[in-house]
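Chemist: sequence plus predicted model, see below.
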Amino acid sequence: MSDNITINRNQNSPSGVRGIHPHKFTLWVAIGSICMMFAAFTSAYIVKRNQSKWLDIDLPSAFWFSTIAIIVSSITIHLAFKSFKAREMSRYRTLITITAILGIVFCVLQFFGFSELKNHGIQIFGQGSNPAASFLGVIVGFHVLHVLAGVAAILFIFIKAYSSKVKNYSIVPIEMISVFWHFVDLLWIYLFIFFMWIR
C-alpha cells in the first residue's frame with residue numbers, strides 16, 4: 001500500500017512569491033564559498049609543488065573505488081529525488097538509504113586510502129611528513145568533512161521518510177540535499193583529476 005503523502009511543490013518561497021527560496025539561496029552562497037576555499041587550496045598546491053622536497057604521490061587504489069562509490073551515490077540520490085516527486089515513497093526510501101550507505105562507504109574508503117599511503121611509508125602529518133602528503137591530507141580531509149555533512153543531512157531525511165505514514169512536507173529539503181550531494185560529487189571528481197595530473 002502506498003503512503004498517504006501530500007507534497008508541497010512550491011519550491012520558490014514559503015509565501016508563494018516567485019523567486020529563489022531563502023534556504024536555496026543560502027545553499028548556493030555556501031557552495032560558492034566552498035568552491036573558493038578549494039580553489040585556494042589547489043592553487044597553493046600548485047605553487048608549493050615547485051619546492052625541492054616535493055614528493056610525487058600515486059593515488060591509492062582505495063581512492064579509485066571511492067570515486068566509483070560517490071558517482072553511483074549521485075545517481076541514486078537523483079533517482080530518489082525523482083521518486084519523491086512522483087510520490088513513489090517506497091522506492092524513495094530505498095534509494096535514499098542506498099545513497100547514505102554509499103556516502104559512508106566513500107568516507108571509509110578515503111580512510112583506507114590514507115592507510116595505504118602510510119603503509120607505503122608516506123606520512124601525511126607530523127614528523128617526517130612531506131609537504132605534498134600534508135596538502136593531500138588537508139584537501140581530501142576537508143572534502144570528507146563536507147561529504148559527512150551531506151551524509152548527516154541524508155540521514156535526517158532518511159529518518160523523516162520512515163517516521164510516519166502520513167506526510168505533509170516540502171520538496172525543498174530533498175532538492176537542496178540532492179544539489180549539495182551532486183556538488184560534493186563533482187568536487188571530488190575535480191580533486192581526483194587534479195591530483196592525478198598536477199603532481
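Modeler: Ah, there it is. Numbering: from 1, shown residues only.
Chemist: wait, I157 sits on I174?
Modeler: Yes. Using C-beta atoms under 8 Å, I157 is in contact with I174, at 5.8 Å. Heads up, the C-betas are built off the backbone N, CA and C, glycines and all.
Chemist: packing partners for the helix ranked longest in the chain?
Modeler: Longest helix in the chain by number of residues (criterion: DSSP state H): helix 131-163. Helices and strands touching helix 131-163, by 3 or more C-beta pairs under 8 Å, 6 or more residues apart in numbering; DSSP states H and E, are helix 22-48, helix 89-119, helix 172-197.
Chemist: low-confidence ranges in this structure?
Modeler: 1-19, 52, 126-128, 164-169, 199 (pLDDT under 70).
Chemist: quick one: contacts for the residue lying closest to I104 once chain neighbours are set aside?
Modeler: Spatial nearest neighbour of I104, chain neighbours left out: V151 (6.1 Å); criterion: C-beta to C-beta, 6 or more residues apart in numbering. Taking C-beta atoms under 8 Å, 6 or more residues apart in numbering as the contact definition, V151 lies against A100, G103, I104, C107.
Chemist: could you dump those to JSON lines with distance to I77 and neighbour count?
Modeler: Output for the contacts of V151, formatted as JSON lines (distance: C-beta to C-beta, whole Å; neighbours: other C-beta atoms under 10 Å):
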{"residue": "A100", "distance to I77": "9", "neighbour count": "22"}
{"residue": "G103", "distance to I77": "9", "neighbour count": "26"}
{"residue": "I104", "distance to I77": "14", "neighbour count": "17"}
{"residue": "C107", "distance to I77": "16", "neighbour count": "18"}
